[in-house]
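>>> I would like the atomic coordinates for the input below:
(one chain, ligands or ions: 2)
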Amino acid sequence: MKTISLVNIKGGVGKTISSVNLAACLALKNKKTLLIDIDPQSNSTQYLDRYDPNGLSSYDVLMDKDLNLKEVIKSTGVIGLDIIPANIKMIMLENEIIADTKRSRENRLSRALKKIEDEYDFCIIDCPPSLGVITTNALVASKYVLVPIKIDQFALDGFNYLMQTINQIIDEFNPDLKFTGAFITMDKRTSVNRDIKQQLKEELKDKVFNSSIRENVKVTQSTFLLKPVVIYDKKCIASKDYEAFTNEVLYNIR
Ligand SMILES: Nc1ncnc2c1ncn2[C@@H]1O[C@H](COP(=O)(O)OP(=O)(O)O)[C@@H](O)[C@H]1O
Ligand SMILES: [Mg+2]
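Ligands and ions are numbered 1, 2, ... in the order given. Model (predicted):
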């Protein structure tokens, strides 16, 4: 199982939309895929219409080391794509993990996933917009990190801090972790976007994906219909971009 986290300190940059559509594209390519929603906001769980405030969730995966993961994994409307959902119980999860001094904090997800390593080709983790203990668990459990970037005046705020954190996690906990690259979401193809993309390429060199995801109203529509855009409208520009992006991810982690 190849595990990929989508991380950015900022919210609203396309982590959730990209996690769900990357996972759906992989499933469409007949790769058995598990999506883990580890963000208390539970948006990818809602996007796939699997939200249950009282059900088992990533909360239980991180708090109960004896949990049978089969009980928490749900199938989705996309063939070949399963989900470990998030729910509202996760709001206090960071504090609870920190208060639970009898167990280590950082490797809980990684340990849990070892049990199902052979059952999936890919695992995609949709992270919260922070670098607390939840995101650390995702990065310790991952082999690859992708960073979605929405271009605006503040696009690169916190980026250096994120890279430092990734490097610390490599040093402290997970020498296998690789920063696979940053990619642009909600791309407007204006001259400002082109300039910032150029700047990003100068800073990150080959760590910027060639494919970017164009802004497209079909994405917003798909969130209301509770279906990944790549399923809802396969031919729209965002779906074509996610398809190209998925191919590039597969190439970069081959
Ligand atoms: N390609 C796109 N075109 C149009 N809207 C988009 C696109 N990607 C994301 N959005 C919208 O941007 C908002 C934030 O995206 P989301 O994936 O939830 O960000 P994050 O998970 O980083 O907070 C959502 O309302 C989503 O519908
Ligand atoms: Mg999100």
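
>>> return the distance of residue 166 relative to residue 90.
According to C-beta to C-beta, to the nearest Å, residue 166 stands 23 Å off from residue 90. All C-beta spots, glycine's among them, are computed from the backbone N, C-alpha and C.

>>> compare those two (neighbour count), which wins?
Set side by side, residue 166 and residue 90 show more neighbours around residue 90, with 24 against 21, by other C-beta atoms under 10 Å.

>>> the more buried one touches residue 58, doesn't it?
Yes - at 6.3 Å, residue 90 counts as touching residue 58 under the criterion of C-beta atoms under 8 Å.

>>> shared neighbours of the two, anything?
Shared contacts of residue 90 and residue 58 (C-beta atoms under 8 Å, 6 or more residues apart in numbering): residue 38.

>>> longest helix in this protein, by residue count?
Ranked by number of residues, the top helix in the chain under DSSP state H is helix 237-252.

>>> ok, residues contacting it?
Residues outside helix 237-252 that contact it (C-beta under 8 Å, 6+ apart) are 4, 18, 21-22, 25-26, 29, 146, 180-181, 183, 187, 209-216, 218-219, 229-230, 233.

>>> can you narrow those to ones near ligand 1?
The overlap between the contacts of helix 237-252 and the neighbours of ligand 1 (C-beta under 6 Å from any ligand atom) comes to 213, 215, 216, 219.

>>> which of those residues fall within helices?
Judged by DSSP H, the subset of these located in helices is residue 219.

>>> what does the protein have sitting close to ligand 2?
15, 16, 43 (C-beta under 5 Å from the ion).

>>> wait, the second one touches residue 125, no?
No - counting by C-beta under 8 Å, residue 16 stays clear of residue 125, with 11.3 Å between them.

>>> more neighbours: which of those two?
Higher neighbour count among residue 16 and residue 125: residue 125, with 31 against 25, using other C-beta under 10 Å.

>>> is ligand 1 contacted by the host helix or strand of that one?
Per DSSP states H and E: residue 125 is located in strand 122-126. No - Strand 122-126 lies out of reach of ligand 1 by C-beta under 6 Å from any ligand atom, never closer than 6.9 Å.

>>> and the angle from the helix or strand that that strand is followed by to strand 122-126?
Counting by DSSP H and E, the next helix or strand C-terminal to strand 122-126 is helix 133-140. Angle, helix 133-140 to strand 122-126, by axes from the mean of the first three to the mean of the last three C-alpha atoms, to 10 degrees: 160 degrees.

>>> the helix or strand following helix 133-140 pairs with which strands?
Later in the chain than helix 133-140, the nearest helix or strand by DSSP H and E is strand 144-150. The strands beside strand 144-150 in its sheet (DSSP bridges) come out as strand 2-6 (parallel), strand 178-185 (parallel).

>>> in strand 144-150, what counts as buried?
144, 145, 146, 147, 148, 149, 150 (16 or more other C-beta atoms under 10 Å).

>>> so which elements touch the strand holding residue 125?
If contacts are counted by 3 or more C-beta pairs under 8 Å, 6 or more residues apart in numbering; DSSP states H and E, strand 122-126 sits against strand 2-6, helix 15-28, strand 33-37.

>>> identify, out of the ones you listed, the most deeply packed stretch.
Across the helices and strands packed on strand 122-126, the average number of neighbours (mean count of other C-beta atoms under 10 Å) peaks for strand 33-37, which reaches a mean of 28.

>>> show me what contacts whatever residue of the stretch 1-150 of the chain ends up closest to ligand 2?
In the stretch 1-150 of the chain, the residue that lies nearest ligand 2 is residue 16 (3.3 Å; C-beta to the ion). Taking C-beta under 8 Å, 6+ apart as the criterion, residue 16 is in contact with 39, 43, 44, 47, 126.
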